[in-house]
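Asker: need a 3D model of the sequence below.
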Amino acid sequence: MGQQAIEVFRACIPLFHALSDPARQDIILLLAEKEPLSVNEIAEHSNLSRPAISHHLKIMRDNQLVEIEQKGTTRYYSLSLDSSVEQLKQLIEIVEDECIL
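Answerer: Numbering: from 1, shown residues only. Coordinates of the predicted model:
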């Protein structure tokens, strides 16, 4: 396997980590259905506490899975998947080119 493939795999590790948690998966699916939502609105659809949701949203924000829009004192979260989808497409392309016989 080439160095580029290894680099792409390694670059995807934080994204895989962010996507691997069921709570974050639930938040992504909720935002896909009802975005934008505040932390309190997300909490209404979850059994997690508001601080736990904030923690998950921070991880998602750090991995460019969500973006924030400030309206007054409330932050609204919506999906921002373009860069993550591109990163995964790059990984799939590398795997197809270098790993599939």
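Asker: what is the neighbour count of Asp62?
Answerer: By other CB atoms under 10 Å, 11 other residues sit near Asp62. Where you see a C-beta, it was placed from the backbone N, CA and C, and this is true even at glycine.
Asker: contact partners for it?
Answerer: Neighbour list for Asp62: Pro14, Ala18 [criterion: CB atoms under 8 Å, 6 or more residues apart in numbering].
Asker: distance of the residue nearest to the spatial centre of the chain relative to Ala43?
Answerer: For the chain, the residue nearest the mean C-alpha position is Leu65 (3.4 Å; CA atoms, centre = their mean). Going from Leu65 to Ala43 by CB to CB, to the nearest Å gives 18 Å.
Asker: and for Ile59?
Answerer: 16 Å.
Asker: can you check Phe9 too?
Answerer: From Phe9 to Ala43 the distance is 35 Å (CB to CB).
Asker: neighbour count: the two, which is higher?
Answerer: Between Phe9 and Ala43, Ala43 has the larger neighbour count (other CB under 10 Å), namely 17 against 14.
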